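Engineer: Provided below for reference: sequence and predicted model.
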Amino acid sequence: MDSREGKSLTTRNFISHAHSDHVAGFESKTVNYSTIETKEIYLARGGNVLDFKALKFGDTVYLDDIEVSAYNAGHILGSTQYKIQTPETSILYSGDINCVDTLTTKAAKASSCDVLILEATYGHPFYVFPEREDLYLDIVKWVLKQVQNKRSPVFQAYSAGKAQEIVKLLNTFTEIPVVTHPTIAKVNKVYMKYGISLDFINSKNEEGKELIRKHQCVYVIPTSRSSMQIENACWAIVTGWALKFKTATYGIKTAFPLSSHADFIQLKNYVEEASPRKVYTVHGYKEEFAKFIHEKLGINAKPLTPLHQRRLADYL
């Protein structure tokens with residue numbers, strides 16, 4: 001898509017994906033750009049969108065002599081990287097990225113740039129995730145063991161992204177019914193609308209309630225619902241942070257280091273592929289990863305500190 005605009009609007013929001021810490025722009029009274037998938041996941045989670053323009057991967061928005069292009073970020077459905085090209089320089093904003101294929105997303109690829117703004121959630125050498133296929137196998141084995149012992153496997157997962165990957169995994173490698181919390185069910189429907197087949201039952205339906213009651217399903221709930229009381233349940237949580245746990249459990253839950261973020265090796269390879277002159281790191285291990293980039297890759301890098309609202313008078 002070739003979208004050309006002049007200077008009639010001074011502010012545009014380019015939204016990377018539909019997780020709650022990245023969507024504040026949707027509430028603002030200006031033009032909001034994102035993929036249609038991001039918008040619909042946000043709406044499914046109870047959000048409200050004002051002025052909106054849809055982008056597809058490969059689309060470019062022209063704002064006078066500035067070009068903003070959208071690329072797949074591999075994090076969740078619809079997640080987007082943005083490359084900003086000006087007459088003087090090029091800036092790549094990664095957003096949250098994942099650089100390996102999953103059952104529900106394709107890997108992000110870096111684009112060459114002068115300046116890279118990069119997430120560093122797992123930007124520490126400790127965080128190198130197992131092969132995803134090995135994690136999938138471990139999760140399926142754990143589920144089958146619980147079912148054989150007549151226990152109900154319950155997964156806590158982010159309602160947008162990780163939950164759908166778990167549902168798809170169980171659909172692909174088992175014949176066990178999957179019941180999901182209503183919050184997750186709404187997002188599942190968006191995934192299905194855009195080509196990701198998911199077989200699940202909403203827990204608010206009588207069929208779902210009966211399967212949970214009889215321990216004849218896997219139940220997937222949001223991470224925020226950890227206090228739910230489920231009889232004869234065996235709990236698991238899926239998060240990249242599981243690598244830091246000293247044992248295979250997190251509290252009374254089994255923990256699997258399945259993440260929708262890039263790990264340390266993926267981030268390193270991404271920087272090398274982008275080949276920037278300067279890198280700004282944000283989130284997570286931003287200080288540690290900026291130091292690594294500078295010392296080991298020989299690229300000028302520093303963590304990006306939070307920006308606070310400024311007044312025009314501050315610059316005068």
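Structural biologist: Good, I have the coordinates.
Engineer: Name whatever forms a beta bridge with the closest residue to residue 85 other than its chain neighbours.
Structural biologist: Closest residue to residue 85 apart from its sequence neighbours, by C-beta to C-beta, 6 or more residues apart in numbering: residue 67 at 4.2 Å. To be clear about C-beta, it is placed using only N, CA and C from the backbone, and glycine gets the same treatment. Beta-bridge pairing for residue 67 (DSSP bridges): residue 62, residue 85.
Engineer: Who are the contact partners of residue 67?
Structural biologist: 60, 61, 84, 85, 86 (C-beta atoms under 8 Å, 6 or more residues apart in numbering).
Engineer: if I look at it, how far off is residue 35?
Structural biologist: 18 Å (C-beta to C-beta, to the nearest Å).
Engineer: How about residue 194?
Structural biologist: Residue 194 is 9 Å from residue 35, by C-beta to C-beta.
Engineer: neighbour-wise, which of those two wins?
Structural biologist: Neighbour tally, residue 194 and residue 35, criterion other C-beta atoms under 10 Å: the higher count belongs to residue 35, 25 against 13.
Engineer: Let me know the pLDDT of the residue nearest to that one when sequence neighbours are not counted.
Structural biologist: Once flanking residues are discounted, residue 35 sits nearest to residue 78: 3.9 Å by C-beta to C-beta, 6+ apart. We note a pLDDT of 98 for residue 78 in this prediction.
Engineer: now residue 78, what's its secondary structure?
Structural biologist: When classified by DSSP: H, G, I helix; E, B strand; the rest coil, residue 78 comes out as coil.
Engineer: quick one, what contacts it?
Structural biologist: Contact analysis of residue 78 by C-beta under 8 Å, 6+ apart lists 17, 18, 34, 35, 36, 37, 38, 40, 41, 194.
Engineer: surely the last one meets residue 37?
Structural biologist: So the one you mean is residue 194. Yes. At 5.4 Å, residue 194 and residue 37 qualify as touching, with contact defined as C-beta atoms under 8 Å.
Engineer: which residues do those two both contact?
Structural biologist: 77, 78.
Engineer: Looking at the contacts of residue 67, which is nearest residue 184?
Structural biologist: residue 61 (32.2 Å; C-beta to C-beta).
Engineer: what's the spacing between the closest one and residue 70?
Structural biologist: Computed as C-beta to C-beta, the residue 61 to residue 70 distance reads 8 Å.
Engineer: and for those two, which residues touch both?
Structural biologist: 33, 55.
Engineer: mind checking the SS state of residue 165?
Structural biologist: Per three-state DSSP, residue 165 ends up helix.
Engineer: That one touches residue 100, doesn't it?
Structural biologist: No. Contact criterion C-beta under 8 Å: residue 165 and residue 100 do not qualify, at 12.0 Å.
Engineer: Good, wrapping up.
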